[in-house]
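S.K.: when you get a sec, could you give me coordinates for this:
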Amino acid sequence: MQRVAVLGLALTGTAVARAMSARGISVTLGDNRISSEHQALANELGTVLIDMNVNGAVDALLEGVDTLMPAPGVPPSHPAIVAATRRGIAIRTEIDVAYEWEQSRVGGPRPILGVTGTDGKTTTTMITAHLLRENGFRVAEVGNTDLPFVAAVDSDVDVFVVECSSFRLRYTTQFRCNASVWLNFAPDHLDWHADIHDYASAKEQMWKFVADSDVAVFPAGNELITSAAQRSLARTVSFGMSDALYCVQGEQLVSPDGPVCEIKNLWRSMPHDITNSLAATALVVESGLVPAGRLATALSNFISAHHRIEHIGDFDGSAWFDDSKATSPHAALTAIRAFESVVLIAGGRNKDLDLSQMATEPHRMAGVVAIGDDAHLVAAAFDGVCEVKTARDMQSAVQMASSMASPGVAVLLSPGCTSYDWYRNYNERGEHFTQCVREHFGRGVTNGK
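M.R.: Numbering: from 1, shown residues only. As a prediction, this is how the structure comes out:
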C-alpha cells in the first residue's frame, strides 16, 4: 500500500488513519458528516479531508490511491465503494491490514483467536479473553470492540482475541486466526448486506484463508455453519448442549479431555450463557494455549458486560431485565427463551428483518409493549399472540409493562431493533430504561450478577 483512502472517520476510521500515517503510508480522509474533530485529524496527519456530500467527492477521495479502507458501517452500496470496485482499487478492512502487519512482526506473529456470529460475539470474546488473562496471558480484545486491531497491533500483549462482525470480514483478503468460532447464524444487517446469502458469505470469510494447522469451532446441529467449517482447510471442532466435542453432560461442561466446570458455578446459566462458555473453552483449549483442567475458576468468576439480559432489580414480584444489546429478532428470541413467562418491551428502528421471529414462543408471552419508530411492526408481529400495547416513550413503556406483569412474570427490554430512533446507541437505551424503572418504582435498582 502506497496511498490509502479512509472512508468514515468514527472510532475505527480514525484509528486506521493514524496507524497508516505512523507507518509512513499517505492517507486521504473522507466522511459524509464532516466535524471539527475530523478537520483536526486531517491537520494532525497533514492530509486532505473530503466532504463526501459535495460534487466530485468520490473522484477526489480515490484520486491516486491504491487501497480504499471503509469503516465497518459503510455499506457496499456506497458510491465510493462501487467506484473503487469498478476501478480495480483494493478494498480492505482494518482487521485484514492489522493481520498483515502482525505477520511481519519482529519475533514472529502472536496467536490470534477469532469470534463471529449473529449473536453472542461480544460476550464470547470477553469470556475467551478472561480465560486467557486468568491463566497469565496479556490479551487485547480487538475488532468489533472499543479497540480496533490496527490500534493494538503494536501493543505489548501475548494474544489477540478478535471480535469479527460481518462488516469487518466482508473485504478480508488474508485475515486468518489460529482458532476461531462461528457461534450462530440468523438474518441480520439486511439493511447493509445485499441479502442473507451475502451476509452468510461475509461470515464465512472467517475461514477462507485458514490452513490445516488452524482450528474452526462450529455449533453442532447448525447445517450452514457445519458445512462452512467442513469446506475450510482447518481442523474442525464442535460445541453445543449435546452431541458435540465440547458439550454438557449431566450438570457439567465437558471437553474431550474431561470435565471443565460445573454449570451451577457459571456466572449465569441461561442456555446461551452455557454455549458461549463452551465456545470460549473450545477456543482456548484447541488453540493449545490453556488446558481444559485449568478453566473452572476462570469460568466461575467471569461476569458479562451490561445490557445483555442484565438483571436490574426485582419489583412487586417481577424481575426486570435490560437486554438493550439485542438489536435483531434472533437475539431477542434467545432472551425470551430464557424465561417461562415474560412481558417484552421491543421495538426501535428495524434493520429490514422479519420481526415475527420474536413471536415464535407464544406460551412464554404475557404481553408486549411496542416502542420506537417501528412499533407498528412489533405490534403486527405479536397480533393474535398476546396483548400488545404501544408506548410513546420509554417511561410510558415501563409503566405499561408494570401494569401487564403479575408476580412471577419477568419484564424484559429486548428490542430486536436498533436504538437509532430515540437514542445514540444501545448503551444509552439500556441506561434510560434502567433509569425509568428506578423512577417508576421510586427506589434504587440492584444490579444482578
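
S.K.: which pLDDT does the model give the residue nearest to the spatial centre of the chain?
M.R.: Centroid-nearest residue in the chain, with CA atoms, centre = their mean: Lys121, separated by 4.5 Å. What the model reports for Lys121 is a pLDDT of 92.

S.K.: what separates it from Arg349, distance-wise?
M.R.: 21 Å (CB to CB, to the nearest Å). In short, each C-beta sits where N, CA and C put it, glycine included.

S.K.: how about the helices in the stretch 301-449 of the chain?
M.R.: For the stretch 301-449 of the chain, applying DSSP state H, counting those that start in this stretch gives helices covering 329-336, 375-381, 394-404, 426-441.

S.K.: deepest-packed of these, please.
M.R.: helix 329-336 (a mean of 24; mean count of other CB atoms under 10 Å).

S.K.: mind checking the pLDDT average for that helix?
M.R.: Helix 329-336 shows a mean pLDDT of 93 in the predicted model.

S.K.: note down every partner strand of the strand or helix carrying Val27 and its orientation.
M.R.: In this structure, Val27 sits in strand 26-31 according to DSSP states H and E. Sheet partners assigned to strand 26-31 using DSSP bridges are listed as strand 3-7 (parallel), strand 49-51 (parallel).

S.K.: run the chain-centre distance for that strand.
M.R.: Taking CA atoms, centre = their mean, to the nearest Å, one finds strand 26-31 lying 27 Å from the centre of the chain it belongs to.

S.K.: swap in stretch 304-321?
M.R.: Between the centre of stretch 304-321 and the centre of its chain there are 21 Å (CA atoms, centre = their mean).

S.K.: list the contacts of that stretch.
M.R.: Around stretch 304-321, the neighbours that count as contacts under CB atoms under 8 Å, 6 or more residues apart in numbering are 122-123, 126, 267-268, 270, 273, 322-325, 335, 338, 343, 402, 405-414, 426-427, 430, 434, 437-438, 441, 444-449.

S.K.: list the buried residues of that stretch.
M.R.: Judged by neighbour count (16 or more other CB atoms under 10 Å), stretch 304-321 contains these buried residues: 304, 307-313, 315, 318-321.

S.K.: Leu245: neighbouring residues, count only.
M.R.: By the measure other CB atoms under 10 Å, the count of residues near Leu245 is 18.

S.K.: which residues touch it?
M.R.: Val237, Ser238, Phe239, Ser255, Pro256, Ala282.

S.K.: which single one of those residues is nearest to Leu147?
M.R.: Taking CB to CB as the measure, Leu147 lies nearest Ala282 of those, at 23.7 Å.

S.K.: so which elements touch the helix or strand the closest one falls within?
M.R.: According to DSSP H and E, Ala282 maps onto helix 271-286. Packed against helix 271-286 by the contact rule (3 or more CB pairs under 8 Å, 6 or more residues apart in numbering; DSSP states H and E) you find strand 112-116, helix 121-133, strand 179-182, strand 215-219, strand 235-239, strand 247-249, strand 252-255.

S.K.: distance to Thr297 added to the ones you listed, as TSV?
M.R.: Below are the helices and strands packed on helix 271-286 laid out as TSV (distance: least, CB to CB, whole Å):
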stretch	distance to Thr297
strand 112-116	20
helix 121-133	10
strand 179-182	22
strand 215-219	22
strand 235-239	20
strand 247-249	19
strand 252-255	13
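
S.K.: and of those, who's closest to Leu278?
M.R.: Nearest to Leu278, of all the helices and strands packed on helix 271-286, is strand 235-239, at 4.3 Å by CB to CB.

S.K.: render the CA-only coordinates of that closest one in PDB, please.
M.R.: Taking C-alpha atoms only, strand 235-239 is exported to PDB below (Å, rounded to 0.1, in the frame of the first residue of the first chain):
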ATOM      1  CA  ARG A 235      -9.300 -28.900  11.800                       C
ATOM      2  CA  THR A 236     -13.000 -28.800  12.900                       C
ATOM      3  CA  VAL A 237     -14.200 -28.900  16.500                       C
ATOM      4  CA  SER A 238     -17.900 -28.900  17.600                       C
ATOM      5  CA  PHE A 239     -19.600 -27.400  20.600                       C
END
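
S.K.: low pLDDT regions in the chain?
M.R.: Applying pLDDT under 70 to the chain picks out residues 187-194, 443-449.

S.K.: so which bits of stretch 262-272 are buried?
M.R.: Buried-residue list, stretch 262-272, by 16+ other CB under 10 Å: Leu266, Arg268, His272.

S.K.: what's the last one in contact with, if anything?
M.R.: For His272, the set of contacting residues under the criterion of CB under 8 Å, 6+ apart consists of Asp119, Gly120, Thr334, Ala338.

S.K.: which of these sits closest to Leu183?
M.R.: So of those, ranked by how close each gets to Leu183 (CB to CB), first place is Gly120, at 4.9 Å.

S.K.: quick check: the closest one touching Leu183?
M.R.: Yes - between Gly120 and Leu183 there is a contact at 4.9 Å, judged by CB atoms under 8 Å.

S.K.: shared neighbours, the two?
M.R.: In contact with both Gly120 and Leu183: Thr275, Asn276, Ala279, using CB under 8 Å, 6+ apart.

S.K.: now do the helices in the stretch 51-200 of the chain.
M.R.: Using DSSP H, counting those that start in this stretch, helices in the stretch 51-200 of the chain cover 57-62, 79-87, 94-103, 121-133, 149-152, 166-169, 196-204.

S.K.: got the CA coordinates for the fourth one in PDB?
M.R.: Read that as helix 121-133. Once non-C-alpha atoms are left out, helix 121-133 reads as follows in PDB (Å, rounded to 0.1, in the frame of the first residue of the first chain):
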ATOM      1  CA  LYS A 121     -19.900 -12.300  19.800                       C
ATOM      2  CA  THR A 122     -19.000  -9.700  22.400                       C
ATOM      3  CA  THR A 123     -19.800 -12.000  25.400                       C
ATOM      4  CA  THR A 124     -17.800 -14.900  23.900                       C
ATOM      5  CA  THR A 125     -14.900 -12.600  23.100                       C
ATOM      6  CA  MET A 126     -15.000 -11.400  26.700                       C
ATOM      7  CA  ILE A 127     -15.100 -14.900  28.100                       C
ATOM      8  CA  THR A 128     -12.300 -16.000  25.900                       C
ATOM      9  CA  ALA A 129     -10.100 -13.100  26.900                       C
ATOM     10  CA  HIS A 130     -11.000 -13.600  30.600                       C
ATOM     11  CA  LEU A 131     -10.000 -17.300  30.400                       C
ATOM     12  CA  LEU A 132      -6.600 -16.300  29.000                       C
ATOM     13  CA  ARG A 133      -6.000 -13.500  31.400                       C
END
